[in-house]
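Novice: the sequence and its predicted three-dimensional model are supplied below.
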Amino acid sequence: MASGRRTRYLRAMTDAASPIASPLPLAPKAEGRQRKPDWIRVKAPTSVGFSETRKLMRSLNLATVCEEAACPNIGECWTKKHATVMILGDTCTRACAFCNVKTGMPRAVDPLEPEHVATAAAELGLEHIVITSVDRDDLPDGGAKQFVRVIEALRRNTPSTTIEILTPDFRNKPEASVEAIVAARPDVYNHNLETVPRLYPTIRPGARYYASLRLLESVKRHDPTIFTKSGLMTGLGEQRLEVHQVMDDMRSADVDFLTMGQYLQPTPRHAKVEEFVTPQAFAAYAAIARAKGFLLVAASPLTRSSYHAGDDFAKMKAAREAKLAAGR
Ligand code: SF4
């Protein structure tokens, strides 16, 4: 079967098998670095808040995933002084096909980083902060201790700030690494599955799908009060039923919050965009995910793990309280 016909056939089969049977409008398959559809366009970052956020991050020698990952929401988020700090340096030991963060041998861990993160949270006036990191396969604990130090510094300096961490998978690291982070009690523990298991060898070759899933499961097992969160990119060639299966896997690990957003190719060296998923298709995914029992679902072309994270944390808390009150 010709590849275009085969794709249409697979889509038809997938739609027919879905609980939401209505056909979804699909944008044309992207070729090379095709023009992005209108729903992806974002404004250039030019505000005063943007400049102030950048200046503060530079003065504290902090990296942000907003810049390193070339996030399309940076204009909006930094105008509101919402930045996601990337600890453990700006150099990653892995080379995922979707990620813009540079790969190489990272520098030594900065002992001042935890206090600098706490200062940034205070100066930005953050009610909710998201902390992520590069992968540090070179460190015996994968960088877990630095996460703990950052959480402790934030609790000391800005005790009312709620803390969300987005960690690597700590693959091949001692279980105690993750246990130490959980014991430090972040409010939200996020680890992104990123894509469907079939695409791991090409998109996330240094990771293992089931290892990532087990990480999420173990966080909940060690402390069921911590909210868990995970994210998926769309447009990498995944099929709808594969995405539904990942949702089921996440729910079996008791993940509370699912985020889904469109993958954008950061440079021509990175994985190609196979498809621009339409806003309507995102809405359909969100409906399915809610039916599967997530406390909260954020799914749109520009959704990213930390996009509107503070507002979503409040919604997630309210959803849990409502669920407990209803005895579910
Ligand atoms: S969505 Fe997250 S990574 Fe992107 S700019 Fe906003 S805070 Fe930064």
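Specialist: Received it, and whenever you're ready, just let me know what you need.

Novice: give me phi/psi at the closest residue to residue 156 other than its chain neighbours?
Specialist: Leaving aside its sequence neighbours, residue 156 sits nearest to residue 118 (C-beta to C-beta, 6 or more residues apart in numbering; 7.0 Å). Where C-beta positions appear, they are placed from N, C-alpha and C, glycine not excepted. Note on residue 118: its backbone torsions stand at phi -60, psi -40 [degrees, to the nearest 10].

Novice: was I right about residue 118 contacting residue 157?
Specialist: Yes. The pair residue 118 and residue 157 qualifies as a contact (C-beta atoms under 8 Å) at a distance of 3.8 Å.

Novice: who's more crowded, the two?
Specialist: residue 118 (22 against 15; other C-beta atoms under 10 Å).

Novice: let me see the contact set for that one.
Specialist: 150, 153-154, 156-158 (C-beta atoms under 8 Å, 6 or more residues apart in numbering).

Novice: residue of the stretch 101-250 of the chain nearest the ligand, please.
Specialist: residue 130 (6.5 Å; C-beta to the nearest ligand atom).

Novice: who touches residue 205 in this structure?
Specialist: Residues in contact with residue 205 (C-beta under 8 Å, 6+ apart) are 95-97.

Novice: mind checking the SS state of it?
Specialist: Secondary structure assignment for residue 205 (DSSP: H, G, I helix; E, B strand; the rest coil): coil.

Novice: can we start the residue count at 42 from this point?
Specialist: With 42 as the first residue, the last one maps to residue 246.

Novice: report pLDDT for it.
Specialist: We note a pLDDT of 96 for residue 246 in this prediction.

Novice: just the one 3 residues further on next, same as before
Specialist: If you check residue 249, the pLDDT there is 98.

Novice: quick one: it and residue 212 touch, right?
Specialist: Yes. Shown here, residue 249 and residue 212 form a contact pair, counting by C-beta under 8 Å, at 6.5 Å.

Novice: distance check, the residue nearest to residue 197 against residue 236.
Specialist: Relative to residue 236, residue 159 is positioned 34 Å away (C-beta to C-beta, to the nearest Å).

Novice: now do the same contact list for the nearest residue to residue 323 once chain neighbours are set aside.
Specialist: Excluding its sequence neighbours, the residue lying closest to residue 323 (C-beta to C-beta, 6+ apart) is residue 340, at 4.5 Å. Residue 340 makes contact with 299-302, 323-324, 326-327, 330, according to C-beta under 8 Å, 6+ apart.

Novice: try residue 185
Specialist: Going by C-beta under 8 Å, 6+ apart, the list of residues near residue 185 reads 208, 211, 214, 218-219, 221-222.

Novice: now the buried members of these.
Specialist: 208, 211, 214, 218-219, 222 (16 or more other C-beta atoms under 10 Å).

Novice: now pLDDT and distance to residue 99 too, for the residues you listed, in JSON lines please.
Specialist: What follows is the buried ones among the contacts of residue 185, written out as JSON lines (pLDDT from 0 to 100; distance: C-beta to C-beta, whole Å):
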{"residue": "208", "pLDDT": "98", "distance to residue 99": "25"}
{"residue": "211", "pLDDT": "97", "distance to residue 99": "30"}
{"residue": "214", "pLDDT": "97", "distance to residue 99": "31"}
{"residue": "218", "pLDDT": "97", "distance to residue 99": "30"}
{"residue": "219", "pLDDT": "97", "distance to residue 99": "32"}
{"residue": "222", "pLDDT": "98", "distance to residue 99": "28"}
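
Novice: tell me which element the residue nearest to residue 86 when sequence neighbours are not counted is part of?
Specialist: Spatial nearest neighbour of residue 86, chain neighbours left out: residue 116 (3.5 Å); criterion: C-beta to C-beta, 6+ apart. Taking DSSP states H and E as the criterion, residue 116 maps to helix 115-120.

Novice: how much space between the nearest residue to residue 360 once chain neighbours are set aside and the ligand?
Specialist: Closest residue to residue 360 apart from its sequence neighbours, by C-beta to C-beta, 6+ apart: residue 336 at 4.4 Å. Note on residue 336: its distance to the ligand, by C-beta to the nearest ligand atom, to the nearest Å, is 20 Å.

Novice: before we move on, the earlier item: helices - which of the contacts of residue 340 land there?
Specialist: Among the contacts of residue 340, the residues falling in helices (DSSP state H) are 323-324, 326-327, 330.

Novice: tell me the contacts of the residue of the stretch 192-341 of the chain found nearest the ligand?
Specialist: Nearest residue of the stretch 192-341 of the chain to the ligand: residue 302, at 8.9 Å (C-beta to the nearest ligand atom). Contacts here follow C-beta under 8 Å, 6+ apart; on that basis residue 302 touches 272, 274-275, 340-345, 348.

Novice: please redo it, this time with the cut-off set to 7 Å
Specialist: Neighbour list for residue 302: 274, 341-345 [criterion: C-beta atoms under 7 Å, 6 or more residues apart in numbering].
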